[in-house]
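[1] Got a sequence here, can you build the structure:
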Amino acid sequence: MKRIILKNLFAQANEFTGKEVNVKGWVRSVRKSKAFSFIVLSDGSSQDLLQIIADDNIDNYETLSTMLTGTCVSINGKVVESQGKGQTIEMQATGGEIIGEVDESYPLQKKGTSLEHLREIAHLRARTNLFGAVFRVRHELAQATHRFFSDRGFFYLNSPIVTNVDGEGAGEMFNVSTISKEGFKKDDKGEIDFSNDYFGKETSLCVTGQLEAECHALGLGAVYTFGPTFRSENSNTKRHLAEFWMIEPELAFADLDDVADLAADYIKYLIDHALKHCDKELKFMHSLPFTDVEKNYRDTLKGVVESKFKKITYTEAIDILNASKEKFEFPTNWGDELQTEHEKYLTDKHFKSPVIVTDYPKGFKAFYMKQNEDGKTVRAMDVLVPGIGELIGGSQREESLEKLEARMKELDMDLENYWWYLELRKFGSAPHGGFGLGFERAIMYITGMSNIRDVIAFPRTPGNCDF
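    Numbers count the residues shown, from 1 in each chain. Predicted coordinates for the structure are as follows:
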């Protein structure tokens, strides 16, 4: 008998009612009485769990009725309308067999388990209601990302993971080498000589795929990367990972307004897709006490989808903050970076809508951003959303070779290392721009999960590289 996954079983309940099917999955609970037993089964495909009634006259009844939580099992039975509350169908078992046994040491019992403990057994946490929901949402948002950009004419680019350039200029990079530190030779200046290393030069894990995306955007017109990126920042906050996934579209013949509009459309598309295709998962997660959501969080998400994003400059944002009567922890002087408290004031209190802030001071922005005529600001933008603040950062890129070289020299960067990036401005340069979205940040925002470690399968953080 062919196996039916629970997602399809519940979605096509009318079609399967009255028919005998086979289901396979992991036991959530067994409640035994003398004449029959209730078995609750999950196979990970759906937020719905299947209740199975096994009468004592079926073959293998004693084995099935004494299964422990976590047992992997195959059960045949007839699908019938459910008499219980909160479920449309259930199964009347006709037989079954155990596929994989467990013992009493199985760590996922019916009693509550903390998120901290579940991170320590990350190899098993996908079997819980919570993490099954998280990773189904993650899958849907990944599929929605590819669909969004492909439908708009963007080509998917697999950018390098190993690189010899610092795409952000921040220096927080993981080195890649086949030689131990003791094995490196030093040159006449006392600096490390990488010539005998694998690539013959110093290399690192990428912090962004943007620079490579610019190359292809200036040939294909529009591309996007969606892959892992790495930061060696020694941060243990709920919003930072050493390894995370980034979506970075890059668009030729575009200015900052084009980039900002694309970012707003993308956020709306992601949220709308999740609300339509992950309804049960989101309702479940939004109801949990440890998620960062208010009572009507679904309305907040719908509000973002339906909103027209307000656009202001950084200077206007500073003026608004300084004119408010709020007592901020961080200063709001022109030239200071906007902090989360500032961003949330703009979105949650002042405008009560998503906000796009543009034209930031160049002092705390990356080298590649297009410089404004005032000499003080660059064509950068951040998309701020209610509840969390910044979700997307992007910019129009500097297409002038002369200005880009001057800015890189100002930052004491090694221009020889970026020869190919500079040549883009030498050979048929064009206005272009793009943005970056940390995929895990987006999942956190939509699901309400409060810790970034709980929206990626195996989190990498300082001191933690298990699994």
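[2] what's the neighbour count on residue 203?
    Counted with other C-beta atoms under 10 Å, the neighbours of residue 203 add up to 20. The way it works is simple: take the backbone N, C-alpha and C, and place the C-beta from them, glycine included.
[3] go on, residue 129?
    So residue 129, with other C-beta under 10 Å, has 15 neighbours.
[4] For it, grab phi and psi.
    phi -60, psi -40 (degrees, to the nearest 10).
[5] Likewise for residue 252?
    phi -80, psi 160.
[6] so it sits right up against residue 429, yeah?
    No. Counting by C-beta atoms under 8 Å, residue 252 sits too far from residue 429 to count as a contact (10.1 Å).
[7] can you list residues touching both of the two?
    Taking C-beta atoms under 8 Å, 6 or more residues apart in numbering as the criterion, residue 252 and residue 429 both touch residue 218.
[8] so where does the residue nearest to residue 462 when sequence neighbours are not counted fall, helix or strand?
    Nearest non-adjacent residue to residue 462, counting by C-beta to C-beta, 6 or more residues apart in numbering: residue 234, 5.3 Å away. Following DSSP states H and E, there is no helix or strand that holds residue 234.
[9] Mind pulling up the pLDDT for residue 186?
    On the pLDDT scale, residue 186 is placed at 77.
[10] gap between it and residue 124?
    To residue 124, residue 186 is 47 Å away according to C-beta to C-beta, to the nearest Å.
[11] Mind checking which of these two has more residues around it?
    residue 124 (14 against 9).
[12] Can you classify the closest residue to the more buried one other than its chain neighbours by secondary structure?
    Excluding the flanking residues, the one nearest residue 124 by C-beta to C-beta, 6+ apart is residue 108, at 5.9 Å. With DSSP: H, G, I helix; E, B strand; the rest coil as the basis, residue 108 sits in coil.
[13] How many residues are close by residue 108?
    Other residues near residue 108 number 18, with proximity taken as other C-beta under 10 Å.
[14] Does it touch residue 128 like I think?
    Yes. In this structure, residue 108 is within contact of residue 128 by C-beta under 8 Å, at 6.4 Å.
[15] Give me the buried positions along stretch 65-83.
    65, 67, 69, 70, 71, 73, 75, 76, 77, 79, 82 (16 or more other C-beta atoms under 10 Å).
[16] Show me the strands in the stretch 51-200 of the chain, by range?
    72-81, 89-100, 155-157, 162-163, 175-176, 185-186, 192-193 (DSSP state E, counting those that start in this stretch).
[17] before we move on, back to that, to what extent is the residue nearest to residue 462 buried, counted in neighbours?
    So residue 234, with other C-beta under 10 Å, has 11 neighbours.
[18] What pLDDT is listed against it?
    At residue 234, pLDDT is 88.
[19] Start and end of stretch 410-423, how far apart?
    19 Å (C-alpha to C-alpha, to the nearest Å).
[20] Stretch 213-233 now?
    Criterion C-alpha to C-alpha; first-to-last residue distance in stretch 213-233 is 24 Å.
[21] And for stretch 383-393?
    For stretch 383-393, by C-alpha to C-alpha, the gap between its terminal residues amounts to 6 Å.
[22] and residue 252 and residue 429? which has more neighbours close in?
    Between residue 252 and residue 429, counted using other C-beta under 10 Å, residue 252 has the larger neighbour count: 20 against 16.
[23] ok, the more buried one - contacts?
    217, 218, 221, 222, 430, 431, 432.
[24] Now go through those residues and say which are in strands.
    Residues of the contacts of residue 252 located in strands (DSSP state E): 222, 432.
[25] all strands of the stretch 251-400 of the chain, in order?
    310-313, 355-361, 377-385, 389-396.
[26] Could you check the angle the second one makes with strand 377-385?
    What it means is strand 355-361. If you take axes from the mean of the first three to the mean of the last three C-alpha atoms, to 10 degrees, strand 355-361 sits at 160 degrees to strand 377-385.
[27] Strand 355-361 packs against which elements?
    Applying 3 or more C-beta pairs under 8 Å, 6 or more residues apart in numbering; DSSP states H and E, we find strand 355-361 packed against helix 256-277, strand 310-313, helix 314-323, strand 377-385.
[28] which one of these has the most crowded surroundings?
    Here the criterion is mean neighbour count by mean count of other C-beta atoms under 10 Å, and of the helices and strands packed on strand 355-361 the winner is strand 377-385, at a mean of 25.
[29] Return the distance of it from the chain's centre.
    Centroid separation between strand 377-385 and its chain, computed with C-alpha atoms, centre = their mean, to the nearest Å, is 20 Å.
[30] Just list what it packs against, helices and strands only.
    Here strand 377-385 touches helix 256-277, strand 355-361, strand 389-396, strand 432-438, going by 3+ C-beta pairs under 8 Å, 6+ apart.
[31] So, low pLDDT: which residues of this structure?
    Applying pLDDT under 70 to the chain flags the ranges 169-171, 181-182.
[32] Just read off the phi/psi values of the residue located most distally from the centre of it.
    Using C-alpha atoms, centre = their mean, the residue of the chain lying farthest from its centre is residue 57. It sits 48.8 Å away. Per-residue torsions, residue 57: phi -90, psi 0 (degrees, to the nearest 10).
[33] ok, and what's touching stretch 12-27?
    1-6, 9, 39-44, 50, 52, 67-81, 88-89, 91, 94, 99, 127.
[34] Buried residues in that stretch, which are they?
    Quick answer for stretch 12-27 (16+ other C-beta under 10 Å): 13, 16, 21, 23, 24, 25, 26, 27.
[35] Which members of those residues occur in helices, if any?
    Counting by DSSP state H, the buried residues of stretch 12-27 place 13, 16 in helices.
[36] so can I have JSON lines of the buried residues of stretch 12-27 showing distance to residue 455?
    Shown next, in JSON lines, are those (distance: C-beta to C-beta, whole Å):
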{"residue": "13", "distance to residue 455": "30"}
{"residue": "16", "distance to residue 455": "33"}
{"residue": "21", "distance to residue 455": "33"}
{"residue": "23", "distance to residue 455": "28"}
{"residue": "24", "distance to residue 455": "27"}
{"residue": "25", "distance to residue 455": "24"}
{"residue": "26", "distance to residue 455": "22"}
{"residue": "27", "distance to residue 455": "27"}
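[37] List the ones among the buried residues of stretch 12-27 that fall in strands.
    21, 23, 24, 25, 26, 27.
[38] between those, which is closest to residue 314?
    Residue 314 lies nearest to residue 26 out of those, by C-beta to C-beta, at 51.4 Å.
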